[in-house]
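>>> how would this look folded up:
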Amino acid sequence: MFSFSPTPSTKELLKRVGWYLLLMQVTRILFYFFNQNSFQHYSFLNFVGGVWFDLITFCLIGSIYIFFVSLPFKFKTQRIYQLATRIIFNILLMSCLALNLVDVEYFKHSNKRSNIDLFAIMSKGSDFKQQIIPFLRDFWFLFVFLFLFLVLIIFIERKGFKYPKFASYRAEILQFILIAATTIIIGRGGFGLRPVNASGASYFTTGDEVGLVLNTPFTVVKSYGKSLLYVPNYFQENKLKTIFNPIQTSQPQNLYHQRKNVVILLLESFGSEFVGFTGAPESYTPFLDSLAGKSLAFKFGIANGKRSIEAIPSILNSIPSWMDEAYITSPYGNNQTQSLPEILNENGYETAFFHGATNGSMNFDVYTNQIGVQHYFGRTEYGNDADFDGTWGIDDEHFLKWSADKMTTFKKPFFSLIFTLSSHHPFYIPPKWRGKLKKGPAPIMETINYSDECLREFFAKAEKQAWFKNTIFIISADHNPAPESDKYGSAPEIFHIPIMIYDPEGKIKPQLSNEYFQQIDIFPTILDLLNIKTKFYAFGTSYFKNPNEGMSFLNGNYYYFYQNYNLLFHNDKAIQLFNLKESNYPYADSLANYRNHLQEQTNRIRAYIQTYNRDLSKNQTTVK
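Modelled structure (predicted):
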């Protein structure tokens, strides 16, 4: 009588699956340990979900190994064949562990598991080549973990596995069929109509904890080749435009009788956790706080992304990254758009982009040229590597002063975006400043204070230039850095940044506003301030139209800011409501208490999603 006991090959497969799951859990524990500020509600269900997604991942990326090890033919017992299958398994296992270890540190900055666009960003310019030495120096322990995993795997391979023998053809064929079917079912994530994706992790946790359930190999595999946004059909076209229409007409405010220059200062990693006027428990930005007292400053500024590469199109195109991939590296990054620099060029402005990093960093030089910026000034144009920080680029002190001098040579009026860089890993402090800055528990705090002092010197120099009083300054962070406390590691606080508008002429009334103002609102606001009457395409809204809303995207979740709240929207429905302005903020409130206006906010979110996905997919992000 035929026995259904596992064949030797099946036993080896199951044992290897067990070791794979165990080692993946070890990396998950490391991931949790190094990112505790981002995960405040860990539960056993998170663990269960993590094991399930690890198993799905094994069936996806290990399908080649599973196929070869379970083939019902005798030649698989040959030593060279079995050696080849073992090598395949161990390469796959080490690759998975290495990807998970990457996010042990990188998650602090992105707040999501890395996907395929991480490799796209790394391949742009020379950033990866320049950063590899500081990465090896500062995160050496990750390589120690990887080495220990390798030693352990070699030990297990030698002591824990034997070369399996062939059973009967009948048993091998039957188990091959069962293994193939099981692999397909688990690899799809079950019997659903569609294979599981990253959003499926929400069944095991809340939006904040998704990264703990997922694993990085899964998100990389699932994002590979993913090129099309799904376009929902929530509303008919006529109805959709009444809720949200990206084609807008500017409303000149006529505050000025002459064309104003505009300078946007984009501050690397100036998270609200470190900035006094946004409510930080301890400020590392005394100059920025003092400037806020002379500006229209937004206590609740909103970043439309979590990375620098997402901030640039948000500000210059009013196009956020409401998808898993950064807009610039997505299949839509070459879409026809109508950018702020292009409109300003048409109105007689000289336009420039300043970034002290090595030219090619994050492809900014190519992208800004693509959207009509006339001049790019980077490390090459600066031309003096005596001020190179050794890793990233020209330090803020020297590059900001140089930028002020360079703008003096521009034809008036002009537009410039200056992107700082010193408050970025590896957090370089020039020798003359060491011991003179305010330090905190993390290295970034000292560099935030350094960059703040560099801003002080920049404005001291700019005030002496003839163009200063006729210039509007807009200051914004690009994104929040890794959080240093539980509060700032929670959603939606991860999108909270400082934004302000400073007018030396005083026509913009200084005040500390409690309204929401997001990065994509900067573009239309500038058009109104400059008295440029035109039609334009933007997802943001001018400050003068009182938008008082914001929306960001992360891990398949939309975070919609309005009134005193943030609404978490996932899988076509509202999930959680956070009260942002209570003393014990942030806490989740009951959705049942807000049904009277929840439908209105849900419709607004759906209109944003439908318009965004449709217009990017059809390459119609411009005024026709």
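>>> what about stretch 308-328, average pLDDT?
Across stretch 308-328, pLDDT averages out at 94.
>>> Between the two ends of that stretch, what distance do you get?
By CA to CA, to the nearest Å, the extent of stretch 308-328 from end to end equals 11 Å.
>>> ok, residues contacting stretch 591-599?
The contact list for stretch 591-599 (CB atoms under 8 Å, 6 or more residues apart in numbering) reads Tyr565, Leu567, Ala574, Gln576, Leu577. All C-beta atoms are positioned from the backbone trio N, CA, C, and that covers glycine.
>>> for the second one, helix, strand, or coil?
Classification of Leu567 using DSSP: H, G, I helix; E, B strand; the rest coil returns strand.
>>> quick one: the helices in the stretch 501-624 of the chain?
With helices called from DSSP state H, counting those that start in this stretch, the stretch 501-624 of the chain shows them at 522-529, 595-617.
>>> One more: the stretch 151-300 of the chain?
Remark: helices assigned in the stretch 151-300 of the chain by DSSP H, counting those that start in this stretch are 169-188, 210-213, 216-223, 237-243, 286-292.
>>> which helices and strands does the shortest one pack with?
If I follow you right, that is helix 210-213. Helix 210-213 sits against helix 8-34, helix 44-61, with contacts defined as 3 or more CB pairs under 8 Å, 6 or more residues apart in numbering; DSSP states H and E.
>>> list the buried ones in that helix?
Val210, Gly211, Leu212, Val213 (16 or more other CB atoms under 10 Å).
>>> Least reliable of the helices of the stretch 501-624 of the chain by average pLDDT, please.
Of all the helices of the stretch 501-624 of the chain, the minimum mean pLDDT falls on helix 595-617 (a mean of 91).
>>> Tell me how far it lies from the chain's centre.
Relative to the mean C-alpha coordinate of its chain, helix 595-617 is positioned 21 Å out (CA atoms, centre = their mean, to the nearest Å).
>>> Measure how buried the nearest residue to Pro430 once chain neighbours are set aside is and give me the count.
Nearest non-adjacent residue to Pro430, counting by CB to CB, 6 or more residues apart in numbering: Asp395, 5.5 Å away. By other CB atoms under 10 Å, 24 other residues sit near Asp395.
>>> Tell me which residues touch Gly390, please.
Neighbours of Gly390 in contact, by CB under 8 Å, 6+ apart: Tyr428.
>>> for the chain, longest helix please?
helix 79-110 (DSSP state H).
>>> same for that helix, what does it pack against?
So helix 79-110, by 3+ CB pairs under 8 Å, 6+ apart, packs with helix 8-34, helix 44-61, helix 63-70, helix 140-160, helix 216-223.
>>> Just say which of the helices of the stretch 501-624 of the chain is most tucked in.
helix 522-529 (a mean of 24; mean count of other CB atoms under 10 Å).
>>> Please compute how far that helix lies from its chain's middle.
Centre-to-centre, helix 522-529 and its host chain are 25 Å apart (CA atoms, centre = their mean).
>>> Show residues contacting it.
By CB under 8 Å, 6+ apart, helix 522-529 touches 248, 250-253, 255-256, 260, 262, 264, 315-318, 340, 343, 472, 474, 476, 499, 501, 508, 534, 536, 538, 540-545.
>>> Swap in 7 Å and give it another go.
248, 250-253, 255, 260, 262, 315, 318, 340, 343, 472, 474, 476, 534, 536, 538, 540-544 (CB atoms under 7 Å, 6 or more residues apart in numbering).
>>> okay but His375 is in contact with Ala352, surely?
Yes. Counting by CB atoms under 7 Å, His375 touches Ala352, with 4.1 Å between them.
>>> And those two? Which one has more around it.
The neighbour count for His375 versus Ala352, taken as other CB under 10 Å, is higher for Ala352 (22 against 16).
>>> for Thr216, what are its contacts?
Thr216 makes contact with Leu99, Asn100, Val102, Asp103, Arg113, Ser114 under the criterion CB under 7 Å, 6+ apart.
>>> Just give me the least confident of the residues you listed.
Across the contacts of Thr216, the smallest pLDDT goes to Ser114, namely 80.
>>> tally of neighbours for the closest residue to Arg606 other than its chain neighbours?
Using CB to CB, 6+ apart and skipping residues adjacent in sequence, the residue nearest Arg606 is Tyr234, 4.2 Å away. Using other CB under 10 Å, Tyr234 has 17 neighbouring residues.
>>> Could you do Tyr203 as well?
A total of 12 residues lie near Tyr203 under the criterion other CB under 10 Å.
>>> State the distance from it to Ile80.
For Tyr203, the distance to Ile80 equals 44 Å [CB to CB, to the nearest Å].
>>> follow-up on the earlier one: select from the contacts of helix 522-529 every entry located in strands.
Gln248, Val262, Ile472, Ile474, Ser476, Phe536 (DSSP state E).
>>> So what sits opposite the last one in the bridge?
Which is Phe536. Beta-bridge partners for Phe536, by DSSP bridges, are Gln248.
>>> Which pLDDT value belongs to it?
Note on Phe536: pLDDT of 97.
>>> Let me know whether it touches Val623 as I believe.
Yes. Between Phe536 and Val623 there is a contact under CB under 7 Å: 6.3 Å.
>>> who touches both of the two?
Residues within reach of Phe536 and of Val623 at once, by CB under 7 Å, 6+ apart, are Gln338.
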